[in-house]
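1. need a 3D model of the following:
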Amino acid sequence: MKLGIIRCMQTEDFCPGTADFKSIKKRVGAFADIEEEIEIIGFVNCGGCPGKKAVLRAKELVKRGADTIAFASCIKKGTPIGFPCPMAETMIQCVRKAVGEEVRIIEYTH
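-> Below you'll find the model as predicted:
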């Protein structure tokens, strides 16, 4: 798996993505059933509210080799502050449409 991760710009000031990387390394959370090697292609933010830049950033990750786009748990689950993105579903669906069916979408990380 060649993985690109999109995170919330609002939470990046106090979350360095440690839990995302640990869940990949330990194969837990969304990565529990992944047996293949995972190569991280990039770790970017959504571009800020309302997340419109996530589409462009996902396309760039795919252009650079990602075959999977994961949305960090801060977007859908609201971790670590307990405030999920109100645009999460729309953002995920827009990215899914933009990158096509051949790119796997993972809606959370841990």
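2. where does I5 sit: helix, strand or coil?
-> Of the three states, I5 takes strand under DSSP: H, G, I helix; E, B strand; the rest coil.
3. neighbours of E101, how many?
-> A total of 8 residues lie near E101 under the criterion other C-beta atoms under 10 Å. Backbone N, C-alpha and C define where each C-beta goes, glycine included.
4. mind listing what it touches?
-> Applying C-beta atoms under 8 Å, 6 or more residues apart in numbering, we find E101 in contact with no residue.
5. A72 contacts L3, correct?
-> No. Between A72 and L3 there is no contact under C-beta atoms under 8 Å: 11.3 Å.
6. which one's more surrounded, the two?
-> Under the criterion of other C-beta under 10 Å, the comparison of A72 against L3 puts A72 first, with 28 against 24.
7. what sits against that one?
-> Counted by C-beta under 8 Å, 6+ apart, A72 has contacts I5, I6, R7, C8, G17, D20, Y108, T109.
8. now do it, the pLDDT please.
-> At A72, the model reports a pLDDT of 97.
9. could you check how far it is from A54?
-> 11 Å (C-beta to C-beta, to the nearest Å).
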